[in-house]
Every structure is written in structure tokens, then in C-alpha cells.
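Asks: need coordinates for the following:
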Amino acid sequence: MNSSGLSISALPSKDRAIVLSGLAMVAAIGWLYMFYMAWAMDNMHLVDMWMPPQGGTRAWTSWDLFMLFIMWFTMMLAMMTPTVVPMVLMFTTVNRQKKLKGQPYAPTFAFLSGYLVAWGMFSLLASAAQWLLHEYGLLNPMMNSTSYLLSGAVLILAGVYQWTPMKDACLHQCRTPLGFLMAAWKDGRFGAFQMGMHHGLFCVGCCWALMAVLFSVGVMNILWVVLITIFVLLEKALPYSATITRTITGTGLIVWGVCWLMLYP
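Replies: Sure thing, here's the model as predicted:
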């Protein structure tokens, strides 16, 4: 695919508005659910909401696991949809050029669907991890850590991962939309879906450790959900070298984790 010199600025304002409105709706679904869950947890006397079973109180059911998955997946909709905006706009720009030339093209939704499927797979793994943590009593029913050891270990893991070559490679793919599309382009609806999933897996590789921080600070801690979302967005979008943010955040997370471990009895 020859798209040299192509930029998002080539996308007409009408097309841009349609894409951004669609992405905003997807993200809004996630954020509305997240804020409702946070509100419900603070007002359990007013609503009958689902809560995870806590070691021994009752057995986990398939419904519990399903609700846990829904919670994680809607959280990923809220957190990751805003960060994929540049990639989706670039995909739409390339697609429009192909359409104008009479070449095969695919709807943007196919690309976004593949991206969200990748985060759906991550949500399954995160749900399984949380189930185990509840089973061993390391998370309480409010989904907060009950262990200094768990909190410290997760923070150190997230900090160390910020320095790894894998983090660097995955983040590079997230920061260069046109380069990714030129290297990974596939025609057709299924090709667009594959590209979306491919990019989503790079994003998972970039951000999974930051998402794991929620096991330390509280899975439903809205403040930290917002802060991590903003950080991921800036990490992908800021023009200067990502090495700076990776070094600073990696160091900060490790120091924070060590402080938690020092509190371990």
C-alpha cells in the first residue's frame, strides 16, 4: 500500500465527525457503566448490585464470572477507545483514498471491532486473574487489595515492564498509525478486522501491566481508572520520545511498590 505523505488532515470534516461520534458513543457506554458501578458500590443500600463472592461466603457461578468479564470489558471500552482515535482516523483516511480510487475498502467499524475483540481477550484473562485473587482472599468484596505483598509486587511488575524492549516495541506500533497500517494492511472487511485485532494486541502488549495496577489501587477505583486512561493517551500521543515517560513512570511505580513491600508484616 503506497500512502506516503498521507495524513489525517486529508479526511473531510464530515467523515471525521462521524468517526469521532461513533468512538465517543462506544467510550461513553463504558464510562457510564463504570460511574454507575462506582456509585452503586457507595450506595448499596439503594440498589441491588452484583458483587464478587468472597472466599468461602458462596461458590462462584458462571453468572459471577460473566459479570466480572462484563465489568472488565466495559472498563476497557472506557479506557482504551479514546486512545485508539488517531489509529482509527488514519485507517478511515486511507480507506477513503482507496474508495476514491475505486479500490476495495472496508467500513471503519470492522477495524474497531477487531481492536475491541483483542481487549475482550485481555478482559477474559483479567477476569480469571481477579477470580483467583478473590478465591485466595487477596481482594475484598469491594475489589480492593487486602495484601501489601500483592500491591507492592504488582506495582513493581508494572514499573519493570515500562523499561522492557517489548513495551518499547508495542508502544512504537501504537504511536505510528500510518506506519502500522502500511506494514499490516489487508483488504476487505475481514482484513480490516484482522488489522484491528493485530493493533489491539499491540495495545494490550503496551498497556496490560498498567491495567494490572488496578489490582493494587482498587479495581473499581474511578480516580485511578481516569488517571491511567489519561496517562495511556499521553504516552501514545505526546510528540517527544516515549523513553522519557517510560523511565519516569517505571521508576515511580517501582519505588511505590517497594514502599508497599516495606509495610508487609
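Asks: all helices of the protein, in order?
Replies: 13-42, 62-80, 85-100, 108-135, 148-161, 165-175, 177-184, 188-212, 214-217, 222-237, 242-262 (DSSP state H).
Asks: how about the ones you listed in JSON lines, adding mean pLDDT and distance to Pro53?
Replies: Where you see a C-beta, it was placed from the backbone N, CA and C, and this is true even at glycine. Compiled in JSON lines, the helices of the chain are given as follows (pLDDT from 0 to 100; distance: least, Cβ to Cβ, whole Å):
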{"stretch": "helix 13-42", "mean pLDDT": "91", "distance to Pro53": "15"}
{"stretch": "helix 62-80", "mean pLDDT": "94", "distance to Pro53": "6"}
{"stretch": "helix 85-100", "mean pLDDT": "87", "distance to Pro53": "38"}
{"stretch": "helix 108-135", "mean pLDDT": "95", "distance to Pro53": "7"}
{"stretch": "helix 148-161", "mean pLDDT": "96", "distance to Pro53": "18"}
{"stretch": "helix 165-175", "mean pLDDT": "92", "distance to Pro53": "34"}
{"stretch": "helix 177-184", "mean pLDDT": "90", "distance to Pro53": "41"}
{"stretch": "helix 188-212", "mean pLDDT": "95", "distance to Pro53": "22"}
{"stretch": "helix 214-217", "mean pLDDT": "95", "distance to Pro53": "17"}
{"stretch": "helix 222-237", "mean pLDDT": "92", "distance to Pro53": "23"}
{"stretch": "helix 242-262", "mean pLDDT": "90", "distance to Pro53": "26"}
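Asks: winner for burial among those helices?
Replies: The highest average neighbour count among the helices of the chain, using mean count of other Cβ atoms under 10 Å, belongs to helix 214-217 at a mean of 22.
Asks: need the helices of the chain in TSV (columns: distance to Met142).
Replies: TSV is the format used below for these (distance: least, Cβ to Cβ, whole Å):
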stretch	distance to Met142
helix 13-42	6
helix 62-80	13
helix 85-100	32
helix 108-135	11
helix 148-161	15
helix 165-175	30
helix 177-184	39
helix 188-212	18
helix 214-217	12
helix 222-237	13
helix 242-262	18
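Asks: closest to Met49 out of those?
Replies: Met49 lies closest, by Cβ to Cβ, to one member of the helices of the chain: helix 13-42, at 4.3 Å.
Asks: send the alpha carbons of stretch 128-143 over as CSV?
Replies: This file holds the C-alpha atoms of stretch 128-143, laid out as CSV (Å, rounded to 0.1, in the frame of the first residue of the first chain):
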residue,chain,number,x,y,z
ALA,A,128,-9.6,-15.1,35.5
ALA,A,129,-6.8,-13.4,37.5
GLN,A,130,-9.3,-11.5,39.6
TRP,A,131,-11.3,-14.6,40.3
LEU,A,132,-8.2,-16.3,41.7
LEU,A,133,-7.3,-13.3,43.8
HIS,A,134,-10.8,-13.3,45.3
GLU,A,135,-10.6,-17.1,45.9
TYR,A,136,-7.3,-16.6,47.9
GLY,A,137,-8.7,-13.6,49.8
LEU,A,138,-6.3,-11.1,48.3
LEU,A,139,-9.1,-8.9,47.1
ASN,A,140,-12.1,-8.0,49.3
PRO,A,141,-15.7,-7.8,48.0
MET,A,142,-15.2,-4.1,47.1
MET,A,143,-12.4,-5.3,44.8
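Asks: ok, the closest residue to Ser7 other than its chain neighbours - contacts?
Replies: Closest residue to Ser7 apart from its sequence neighbours, by Cβ to Cβ, 6 or more residues apart in numbering: Thr93 at 7.3 Å. With contact taken as Cβ atoms under 8 Å, 6 or more residues apart in numbering, Thr93 is in contact with Leu6, Ser7, Ile8, Ala10, Leu11.
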